[in-house]
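Chemist: only geometry, no sequence info:
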Ligand SMILES: Nc1ncnc2c1ncn2[C@@H]1O[C@H](COP(=O)(O)OP(=O)(O)OP(=O)(O)O)[C@@H](O)[C@H]1O
């Protein structure tokens, strides 16, 4: 049986598929009352981890526990954890309501629950429509409705925003936050930080099956180091003068400017003035969260040697559990009180090749093919006359807003 805590505890989780190390020594805890984002680029090992959590894949090593138990020892798991790994697999000819009734019977909940969960996910008016006619976003909602049938304490959703239009994403955000605020647990995966940034409280960022950061999103935000970008008349002289003052973290940019971290604009200007160096331009630049996320995960497709050479984290250095409430990077000294950016963050600069081209970064999930089509049709699940979808939300008051 389980302890009813609503906690997910992953400890030393590892999965090897032949030569592929899909997940390597992953450890994190998801607490009730929060939404945790499980983030990483394609192929990072997110789905494999969730599949191990849900008893669909056997770990090579380590444990993944829900309420203190492996999934297969939860008793009636549908009543404890609602999960969506893929918004597929609906019988195309079956109506949404009948689909839900089949699953309701399987986990022992009354038929009437089907209509309740349809309302919850904003599909109240689409219960008689066949699932095969649903758009991608509607399928996501139907999959979520299925996960909610057992009124679970924990939700585990793999890429739930995939296929949702902006309104749908805003609704999902509100729904998941309300669900969590009611004391329940939410774990959602995404390959785009921007897509879930406003939804999650805590993040687990993985790359190549390894933890790169684990902790509150606010702690990750606090890692965003500002740099001063300066265009001097004599770069060499300014760099020498800065070094004399003990300033480290100096980088020459390809455009001729110098980037300096850990200093104020005024400090750089004063040093330049003293050294007799003219300044043609100076500004403070703050790295955004998405760039930091990209920095953390950009080793994904590098070869092993190159990866290590870039000062990223070689396998096995992740120290395991972090103290509650503290976000840390693997390899970081605990208790130092100083949360440094990961090795390589400053040195690699902001000019990562491929950064601009990162697929989907600028318009995460908003250009799904199904979205355009759906816009041309009347909204099948809006209350009459409003044109707006207002599903019931029993978990809180935050409806439909963003
Ligand atoms: N059944 C399997 N057999 C062999 N390799 C697998 C299997 N499942 C996953 N992998 C490999 O494990 C690695 C992690 O895959 P996984 O699907 O867990 O990543 P992901 O982070 O969910 O990616 P995406 O965002 O693209 O869904 C990949 O290299 C993948 O090819």
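Modeler: Looks like it arrived, so ask away. Just so it is clear, the structure is predicted and the values come from calculations on it, not from any experiment.
Chemist: what's the spacing between residue 27 and the ligand?
Modeler: As defined by CB to the nearest ligand atom, to the nearest Å, residue 27 lies at a distance of 17 Å from the ligand. For glycine as for every other residue, the C-beta is placed from the backbone atoms N, C-alpha and C.
Chemist: right, I mislabeled it, should have said residue 173
Modeler: Per CB to the nearest ligand atom, residue 173 is found 20 Å from the ligand.
Chemist: And for residue 153?
Modeler: 24 Å.
Chemist: and if you look at residue 289?
Modeler: For residue 289, the distance to the ligand - CB to the nearest ligand atom - is 19 Å.
Chemist: wait, that residue sits on residue 196?
Modeler: No: look at residue 289 against residue 196 with CB atoms under 8 Å: they stay out of range, at 11.2 Å.
Chemist: Taking the stretch 151-300 of the chain, what residue is nearest to the ligand?
Modeler: Residue nearest to the ligand within the stretch 151-300 of the chain: residue 191 (4.6 Å; CB to the nearest ligand atom).
Chemist: and residue 153, what are its phi and psi?
Modeler: As for residue 153, its main-chain torsions (degrees, to the nearest 10) stand at phi -80, psi -20.
Chemist: oh sorry, the question was meant for residue 188
Modeler: Dihedral pair for residue 188: phi -130, psi 140, per degrees, to the nearest 10.
Chemist: Surely it touches residue 157?
Modeler: Yes: assessed by CB under 8 Å, residue 188 is found in contact with residue 157 at 4.6 Å.
Chemist: Quickly list what residue 250 is bridged to.
Modeler: Beta bridges link residue 250 to residue 260, judged by DSSP bridges.
Chemist: Tell me the pLDDT of it.
Modeler: Looking at residue 250, its pLDDT is 92.
Chemist: same thing with residue 377?
Modeler: On pLDDT, residue 377 comes in at 34.
Chemist: Likewise for residue 328?
Modeler: In this model, residue 328 is scored at 51, pLDDT.
Chemist: again with residue 36
Modeler: pLDDT for residue 36: 96.
Chemist: what about the helix or strand where it lies, distance to the chain center?
Modeler: Per DSSP states H and E: residue 36 is located in strand 35-39. Chain-centre distance of strand 35-39: 4 Å, with CA atoms, centre = their mean, to the nearest Å.
Chemist: cool, stretch 140-157 as well?
Modeler: Counting by CA atoms, centre = their mean, stretch 140-157 is centred 19 Å from the centre of its parent chain.
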